[in-house]
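J.: Give the three-dimensional model of this entry:
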Amino acid sequence: MEFISDLHVHGKHAAACSKHTTIPLLEKYARMKGLDLLGTGDFQHPLWQKHILEELTEDENGILWTKSKFPFLWQTEISLIYTQDGKGRRAHHLIFAPNGEVAKQITEFLGSKGRLDYDGRPIFGFNSVELVDFMRDISDKIEIIPAHVWTSHFSVMGEYNQHSKVEDCFKNNTKYIHALETGMSSDPADNRRLSVLDKFNLVSFSDSHSAWPWRLGREATIFEFDKLAFDSFLRAIREGVGLKSTVETYTSYGKYHFTGHRNCGVSFSPKESKDLNKICPKCSAKLTIGVADRIELLADRPEGFKRDNAVPFVSLIPLHELISAVYDIKQLQSKRVWETYTKLVTEFKSEFNVLLNVSYEDLCKVIQDKLARVIVNNREDKLKIEAGFDGVYGKIMLDKEEKVVDQKKLGDFK
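T.: So this is what the prediction gives:
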């Protein structure tokens with residue numbers, strides 16, 4: 001059985017996250033998206049943990065279920081800020097627990113190291129090596145996955161930490177790290193340009209800060225399990241068995257793909273930034289170095305390198321974003337966008353089915369041909385994206401003839 005999974009989400013108590021998120025809302029939009037499995041998010045936060053226990057029931061395989069039978073895994077993310085090898089370090093890591101009892105022990109341990117009630121993504125001062133030791137003292141089935149591994153500010157391989165390999169962060173405990181989360185600004189092709197990353201499986205999750213379908217599941221991992229159980233997930237992460245493929249965003253859509261300076265509105269490709277010495281040419285402030293620059297600096301393989309037997313992936317922009325671009329509507333939550341989205345999902349069962357499988361001809365029976373063509377171009381990796389930088393998302397760039405200029409009344413899709 002295939003499970004399209006988003007295992008990096010947040011509840012309402014994490015900083016910069018929607019205060020409207022609930023387990024029922026996550027389930028609602030996961031079903032619309034076409035997701036089959038979610039992470040709980042933030043299980044150590046006392047209020048969110050209470051909500052988890054009220055809404056979900058755990059089975060003997062460590063899977064949590066809603067009343068209407070949608071599955072979740074115990075998952076959280078923590079932030080580490082510490083000094084190592086004489087330099088300040090910052091990293092976000094995903095933690096997966098095999099069952100509620102282990103999740104409780106993790107919560108108790110983290111509570112002994114700092115406050116848990118102020119943020120769903122709590123900050124601690126111990127280092128990444130110690131994190132592995134602490135978790136293994138609780139259970140050898142706890143899985144740690146470095147989050148958004150290339151992001152500029154809080155990642156293992158990003159610009160801030162200046163690590164050239166995962167071992168720089170985890171030292172001898174690297175042997176207990178089995179997978180890396182690609183993040184929005186990199187994809188498996190980027191990561192496979194570094195031979196030092198060959199030993200790690202690659203997964204992709206959304207790091208969703210809300211339940212909205214343009215955030216939830218924008219990146220996902222497709223597992224193939226004989227039985228839905230935490231042990232099946234663990235085997236896929238540690239051995240690659242059942243790790244079928246990933247859904248990525250276009251890397252240029254990510255908020256930290258190019259180097260740039262948001263305040264000045266300038267961004268640069270690796271070729272363009274080469275001679276800037278990390279300084280903004282407009283105001284002389286320090287540039288935020290993007291993922292593309294970091295990968296180009298550390299890669300020992302050329303762009304386009306293809307590894308034998310690599311796990312496949314597909315790059316997609318969320319459906320709300322496509323609808324918004326074609327109809328030139330800035331608000332993703334506008335009535336027009338929602339009506340078009342709902343019509344497509346109702347007709348074709350889920351957003352992923354629309355994005356990946358429905359033919360141009362069948363799409364044209366429901367929506368205008370221009371939107372149908374953009375949906376097909378999306379899955380065929382033919383969209384033009386103005387690259388994101390310094391916390392700014394990338395933008396879909398459509399020609400005038402690709403947009404619906406004559407705005408008809410709401411609800412008139414054809």
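J.: which regions of the stretch 301-414 of the chain sit below the pLDDT cut-off?
T.: In the predicted model, the stretch 301-414 of the chain carries pLDDT under 70 at residues 406-414.
J.: Likewise for the chain?
T.: 406-414.
J.: at 50 what do you get?
T.: When residues are selected by pLDDT under 50, those of the chain lie in 409-411.
J.: where does the residue most central in space within it land in three-state SS?
T.: The centroid of the chain falls nearest to S206 when counting by C-alpha atoms, centre = their mean (2.5 Å). S206 carries the three-state label coil when classified by DSSP: H, G, I helix; E, B strand; the rest coil.
J.: quick one: contacts for it?
T.: Neighbouring residues of S206 by C-beta atoms under 8 Å, 6 or more residues apart in numbering: D6, H8, V9, R215, L216, G217, R218, E219, A220. For the C-beta atoms, the positions are set from N, CA and C on the backbone; glycine is no exception.
J.: How are the helices of the stretch 201-350 of the chain distributed by residue range?
T.: Listed in chain order, the helices found in the stretch 201-350 of the chain under DSSP state H, counting those that start in this stretch are 230-239, 270-273, 291-298, 319-326, 335-348.
J.: Would you reformat these as CSV and include distance to I142 and mean neighbour count?
T.: As requested, the helices of the stretch 201-350 of the chain are arranged in CSV below (distance: least, C-beta to C-beta, whole Å; neighbours: other C-beta atoms under 10 Å):
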stretch, distance to I142, mean neighbour count
helix 230-239, 10, 18
helix 270-273, 37, 15
helix 291-298, 28, 22
helix 319-326, 35, 23
helix 335-348, 36, 17
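J.: For these, give me JSON lines that also has distance to G183.
T.: Output for those, formatted as JSON lines (distance: least, C-beta to C-beta, whole Å):
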{"stretch": "helix 230-239", "distance to G183": "17"}
{"stretch": "helix 270-273", "distance to G183": "17"}
{"stretch": "helix 291-298", "distance to G183": "7"}
{"stretch": "helix 319-326", "distance to G183": "18"}
{"stretch": "helix 335-348", "distance to G183": "25"}
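J.: if we can go back for a sec, what are the phi and psi values at the residue nearest to the centre of the chain?
T.: For S206, the backbone dihedrals are phi -80, psi -20 (criterion: degrees, to the nearest 10).
J.: For it, give its distance to V102.
T.: In this structure, S206 lies at 24 Å from V102, with C-beta to C-beta, to the nearest Å as the measure.
J.: likewise V203?
T.: To V102, V203 is 20 Å away according to C-beta to C-beta.
J.: go on, Q368?
T.: As defined by C-beta to C-beta, Q368 lies at a distance of 51 Å from V102.
J.: Same check on K370?
T.: Taking C-beta to C-beta as the measure, K370 falls 51 Å from V102.
J.: again with K274
T.: Note on K274: its distance to V102, by C-beta to C-beta, is 48 Å.
J.: and what of I63?
T.: Between I63 and V102 the distance, using C-beta to C-beta, works out to 14 Å.
J.: just F43 next, same as before
T.: Taking C-beta to C-beta as the measure, F43 and V102 are separated by 10 Å.
J.: Equivalent analysis for S79, please.
T.: 21 Å.
J.: How about Y160?
T.: In this structure, Y160 lies at 31 Å from V102, with C-beta to C-beta as the measure.
J.: swap in T251?
T.: Counting by C-beta to C-beta, the separation of T251 from V102 is 35 Å.
J.: my read: R294 touches V156, true?
T.: No. Counting by C-beta atoms under 8 Å, R294 sits too far from V156 to count as a contact (11.1 Å).
J.: contacting residues for L94?
T.: For L94, the residues meeting the contact criterion (C-beta under 8 Å, 6+ apart) are L7, H8, G39, Q75, T76, E77, I144, I145, P146, A147, E181, F205.
J.: now it, nearest residue through space, not along the chain?
T.: The shortest distance from L94 to any non-neighbouring residue, by C-beta to C-beta, 6 or more residues apart in numbering, is to I145 (4.4 Å).
J.: Enumerate the positions of stretch 372-380 that are buried.
T.: Buried residues in stretch 372-380, counting neighbours by 16 or more other C-beta atoms under 10 Å, are found at A372, R373, V374, I375, N377, N378, R379.
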